[in-house]
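1. Fold the following and give me the result.
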Amino acid sequence: MTVRTAPTHALGAGRLRAVRTLLDAAFDGDFSAEDWDHALGGVHAWIEDERGIAAHGAVVQRRVLHRGRSYRIGYVEAVAVRADVRRRGLGGAVMDALEPVIDATHAFGALSASDEGAALYRGRGWRVWEGRIEVLGPGGTRRLPEEEGSVLVRAAGAAGPPDAAAPLVFDWRDGDVV
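-> Model (predicted):
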């Protein structure tokens, strides 16, 4: 099992189509155009086998305001494993490749996990964000209570984890903000 990494531009049109196909199947058709857009522009990690893309994940840069400071964070997107090879460690292998990217280049990591996916991240030391989640959007700052409890964070470098007594205020984007 070889995990490959590359920035979006180096994947090529064919591999990007294959990744999108995996994501559409893994998310049962609930992977929107905005979700796809969120996964692009960062560093991808993927595993291929004789059937094609078996697993994928990406880290993209986002901005988060916290305690009056703007942080450049590594946000994990589009983690999926093909149905026929699940529960074989491929998701963990993809994260093994992505977490060093976060650790080396970002203040901390964040992601939004489904109930099903959260166990993978918690087992790797990610922790559920216990504080408020907000977004800085066109209309100002707005709380996102529906996102609270599904966002996980990972300390990176010397910065340490953010303080849950203050909210994480994510940058605006189309589709799901977090």
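2. now the helices for this protein?
-> Using DSSP state H, the helices of the chain run over 8-26, 33-38, 90-105, 115-122.
3. and the spatially most central residue of the chain, what are its bridge partners?
-> Centroid check for the chain by Cα atoms, centre = their mean gives Val76 as the closest residue, at 1.5 Å. Judged by DSSP bridges, the bridge partners of Val76 are Val59.
4. Just say which of the helices of the chain is most tucked in.
-> Among the helices of the chain, helix 90-105 has the highest mean neighbour count (mean count of other Cβ atoms under 10 Å), at a mean of 19. Any C-beta I mention is one placed from the backbone N, CA and C, and that applies to glycine too.
5. packing partners for that helix?
-> Under the contact criterion of 3 or more Cβ pairs under 8 Å, 6 or more residues apart in numbering; DSSP states H and E, helix 90-105 touches strand 3-7, strand 43-49, strand 52-66, strand 69-81, strand 108-112, helix 115-122.
6. and the direction of that helix versus that of strand 43-49, what angle?
-> 160 degrees (axes from the mean of the first three to the mean of the last three Cα atoms, to 10 degrees).
7. Quick check: mean pLDDT of helix 90-105?
-> In this model, helix 90-105 has an average pLDDT of 97.
8. The chain should start at 38 in everything you say after this.
-> With the count now opening at 38, the last piece we talked about shows up as helix 127-142.
9. hmm, back to that, out of the helices of the chain, which comes closest to Leu189?
-> Nearest to Leu189 among these is helix 152-159; the distance by Cβ to Cβ comes to 5.1 Å.
10. which outside residues touch that closest one?
-> Val116, Gly128, Gly129, Met132, Leu148, Ala150, Val165, Ser187, Leu189 (Cβ atoms under 8 Å, 6 or more residues apart in numbering).
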